[in-house]
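**Student:** 3D model of this:
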Amino acid sequence: MSQENLELVRAAFRSFEEGDIEGVLRACDENVEITQSAELLGVSRNQYGHEGVREAFGFWPEQWDDFRIELLRVADTGDQVLVSTLQHGRGKGSGVEVEMPFSFVFTVRAGKVVSWQIFTREAEALKAAGIEE
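**Tutor:** Numbering: from 1, shown residues only. The predicted structure follows:
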C-alpha cells in the first residue's frame, strides 16, 4: 500500500501546482483534518473537510505571486507520507523573493488523505512521523 500512498500524495501536489483544487480534493477524505503550524500567523490552526482544504489553500494566493513548491523529500512511513518542501514566492505587497521550508505529514487510509499536518521545521515533521534522524 505504501507505493499507492506515495503516488496519491505526489498526485495531490501536482494537482495543486496545476491549479486543480478538485484534483487535490479527490485525494482527500471528505472529513480530512488539516493542522497548520502554530508559527503561521493569520491562519486558522485547523481546517476540516473539503471546505477546510479550500480555506487552507485560499491563504497562499492572497500572499504571494509566482508561488511554487519544490519537493525535496517524499518518504513512506507506513500509513503516513512525509513530504519536505522548499516553497518559493514573491510577496504581493513587497515584491520580495522568499524561500520557505515546509514539511508535511499526510496520514492515508483506504486510499484517501485523512489528515495532514504542516510544519515549518523538518525535524518536527520527522518526529511526528516517527522517523528518527
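**Student:** Isn't residue 2 up against residue 78?
**Tutor:** Yes: counting by CB atoms under 8 Å, residue 2 touches residue 78, with 7.3 Å between them. Backbone N, C-alpha and C define where each C-beta goes, glycine included.
**Student:** Can you pull the phi and psi angles for the closest residue to residue 65 other than its chain neighbours?
**Tutor:** Among residues not flanking residue 65 along the chain, residue 90 sits closest, at 4.6 Å (CB to CB, 6 or more residues apart in numbering). Dihedral pair for residue 90: phi -120, psi 130, per degrees, to the nearest 10.
**Student:** Ok, residue 129 next?
**Tutor:** The phi/psi pair for residue 129 (degrees, to the nearest 10) reads phi -90, psi 0.
**Student:** pLDDT wise, what is it at?
**Tutor:** Predicted confidence (pLDDT) for residue 129: 90.
**Student:** do residue 64 as well
**Tutor:** pLDDT recorded at residue 64 is 83.
**Student:** Residue 26: helix or strand, and which one exactly?
**Tutor:** With elements taken from DSSP states H and E, the one containing residue 26 is helix 21-27.
**Student:** Buried residues of that helix, list them for me.
**Tutor:** Of the residues in helix 21-27, those with enough neighbours to count as buried (16 or more other CB atoms under 10 Å) are 24, 25, 27.
**Student:** Tabulate the residues you listed in CSV, adding columns for pLDDT and distance to residue 83.
**Tutor:** CSV is the format used below for those (pLDDT from 0 to 100; distance: CB to CB, whole Å):
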residue, pLDDT, distance to residue 83
24, 96, 13
25, 97, 18
27, 97, 13
